[in-house]
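K.L.:
What follows is a predicted structure for the sequence shown.
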Amino acid sequence: MTVTIKPPETPEEFAQYYNLRWRILRAPWDQPEGSEKDELEDHCYHLMACDDSQRVIGVGRVQFNNIDEAQIRYMAVEPACASTGIGRKIVSELEAITLDNDHDMIVLDAREPAVGFYEKLGYEVKEKTYLLFDCIQHYRMQKIL
């Protein structure tokens, strides 16, 4: 399978992008469609991973919190495609976008099961943070590029 990492551009691509975010990050906790979006969407860089048939199989976003700090948010990979390097490729591209925008520090709030994935990519746990939906522990992580 060939994987292409690119920004969503058309309304259909954005629909697939947001649908994957909702299905993976919100639907399992009975959150409504639309809860996968926030007020910063138009001010962020979005990336999606597509398979040979142009089906969206992974997504991620980077936002710039201030002049020093970028933040990766809404990372998700289709469960059937987990452990294939797709998430690593998305993070690598988001890091490149961060550097291209003159930022060298990235933070993220990782769900507990994803902490090991980000540690392998050089991120450090800084603190235990919030509990999403009263059951998903998050950890603030950071990496200096």
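P.N.:
Arrived safely. Only a predicted model underlies this, so the values are computations on that prediction, with no experimental measurement involved. Residues are numbered from 1 along each chain as shown.
K.L.:
C-alpha from now on. contacts and neighbour counts both.
P.N.:
Noted.
K.L.:
Run through the strands of this structure in chain order.
P.N.:
4-6, 45-50, 56-64, 69-77, 105-111, 124-132, 136-144 (DSSP state E).
K.L.:
possible to save those strands as a markdown table with mean neighbour count, mean pLDDT and distance to Arg26?
P.N.:
As requested, these are exported to a markdown table (neighbours: other CA atoms under 10 Å; pLDDT from 0 to 100; distance: least, CA to CA, whole Å):
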| stretch | mean neighbour count | mean pLDDT | distance to Arg26 |
| --- | --- | --- | --- |
| strand 4-6 | 16 | 96 | 23 |
| strand 45-50 | 23 | 97 | 18 |
| strand 56-64 | 24 | 97 | 14 |
| strand 69-77 | 21 | 97 | 10 |
| strand 105-111 | 21 | 97 | 13 |
| strand 124-132 | 14 | 94 | 10 |
| strand 136-144 | 18 | 96 | 11 |
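K.L.:
Relative to Glu36, which of those is closest?
P.N.:
For Glu36, the closest of the strands of the chain is strand 69-77, at 8.0 Å, according to CA to CA.
K.L.:
if we look at that closest one, which residues are touching it?
P.N.:
For strand 69-77, the surrounding residues in contact (CA atoms under 8 Å, 6 or more residues apart in numbering) are 20-21, 24-25, 36, 57-65, 86-87, 94, 98, 103-109.
K.L.:
same thing but 7 Å
P.N.:
21, 24, 57-65, 87, 98, 103, 105-108 (CA atoms under 7 Å, 6 or more residues apart in numbering).
K.L.:
Over to stretch 82-97?
P.N.:
Taking CA under 7 Å, 6+ apart as the rule, stretch 82-97 contacts Ile5, Leu47, Gly58, Gly60, Val62, Val77.
K.L.:
isn't the second one right up against Arg61?
P.N.:
Yes: using CA atoms under 7 Å as the test, Leu47 is close enough to Arg61 to be in contact (6.1 Å).
K.L.:
Spit out the contact partners of the spatially closest residue to Leu132 that is not a sequence neighbour.
P.N.:
Among residues not flanking Leu132 along the chain, His138 sits closest, at 7.4 Å (CA to CA, 6 or more residues apart in numbering). The contact partners of His138, taken as CA under 7 Å, 6+ apart, are Asp109, Ala110, Arg111, Glu112, Lys128, Thr129, Tyr130, Leu131.
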